[in-house]
Structures are given as C-alpha cells and as structure tokens.
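Q: This is a predicted model, with the sequence first.
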Amino acid sequence: MAQHEASTEVAASGEHGVTEHPPRHRHERPEDWGWHGDLGLLARIGGVVTLIALLLMLTATHYNHAGTLALLIFIGLILGGLIWDYQKRRNSWRQ
C-alpha cells in the first residue's frame, strides 16, 4: 500500500510532465500565415490543362453517350470554376 501512495504523490505534485492548466495561446487567423483564400496561378494552370485533357478525351470513340455526358459535365464544372475565379479576381477590391 505504501507504493500506491507514493505514485499518487508524484502525479499530484506536477512531476513527470503533468501540468494542471495548459498554456493559453492567442487565436491565429489564416491571414497570419499568408492564406487569403486564393489558390494561385498553379491552380488556374492546372484547371486549364485539365480542361484541355477532357476536351481531347471527347475525340475518343464512345460506345454509348454516358461517357460523353460525364465528360461534358466535368468540362462545364471546370470551365465554370475558371470563369468564376477570373471574375472574382477581376472584380476584387484592391488596396
């Protein structure tokens, strides 16, 4: 029983890395690290390259039009995203 009492005394005294209250940190915003919600030039280049690759896939032979429909849907989504990004950057507030 003496061994059990000794182990509780060590834990209660704060030794072995046991702390009663964790240190408080200030809240860090994403802007502190340089993130402003823009994916950058590489994302736009990647979108254009993907769009070209999907357009080239349309030239392949399809046995039914399900593949063509899926390609057209993804082409529309990527093209819509690129246009939305262009308009957002063009109409953004500048300081």
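A: It's in.
Q: shaky segments in this protein?
A: Residue ranges of the chain with pLDDT under 70: 1-26, 29-39, 94-95.
Q: One more pass at 80, please.
A: 1-40, 62, 92-95 (pLDDT under 80).
Q: can you give me the helices in it?
A: With helices called from DSSP state H, the chain shows them at 2-12, 41-57, 66-90.
Q: Adding distance to E28 and mean neighbour count, write those out as TSV.
A: Using the backbone N, CA and C atoms, a C-beta is placed for each residue, glycine as well. As requested, the helices of the chain are exported to TSV (distance: least, CB to CB, whole Å; neighbours: other CB atoms under 10 Å):
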stretch	distance to E28	mean neighbour count
helix 2-12	32	9
helix 41-57	24	12
helix 66-90	25	12
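Q: Dump those to CSV, plus distance to H27.
A: Shown next, in CSV, are the helices of the chain (distance: least, CB to CB, whole Å):
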stretch, distance to H27
helix 2-12, 31
helix 41-57, 27
helix 66-90, 27
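Q: thought T50 was touching I75?
A: No. T50 lies out of contact with I75 (CB atoms under 8 Å); the separation is 9.3 Å.
Q: so how many other residues sit close to W93?
A: 4 (other CB atoms under 10 Å).
Q: ok, it to G46 distance?
A: 26 Å (CB to CB, to the nearest Å).
Q: mind checking the backbone torsions on N91?
A: phi -100, psi 10 (degrees, to the nearest 10).
Q: any idea how far A66 is from it?
A: On the measure of CB to CB, N91 and A66 end up 38 Å apart.
Q: what do you get for A43?
A: The spacing between A43 and A66, counted by CB to CB, is 29 Å.
Q: tell me the contacts of T50?
A: I78 (CB atoms under 8 Å, 6 or more residues apart in numbering).
Q: Same question for the one 5 residues further on.
A: L55 makes contact with I75, according to CB under 8 Å, 6+ apart.
Q: and if you look at L54?
A: Contacts of L54 by CB under 8 Å, 6+ apart are 71, 74-75, 78.
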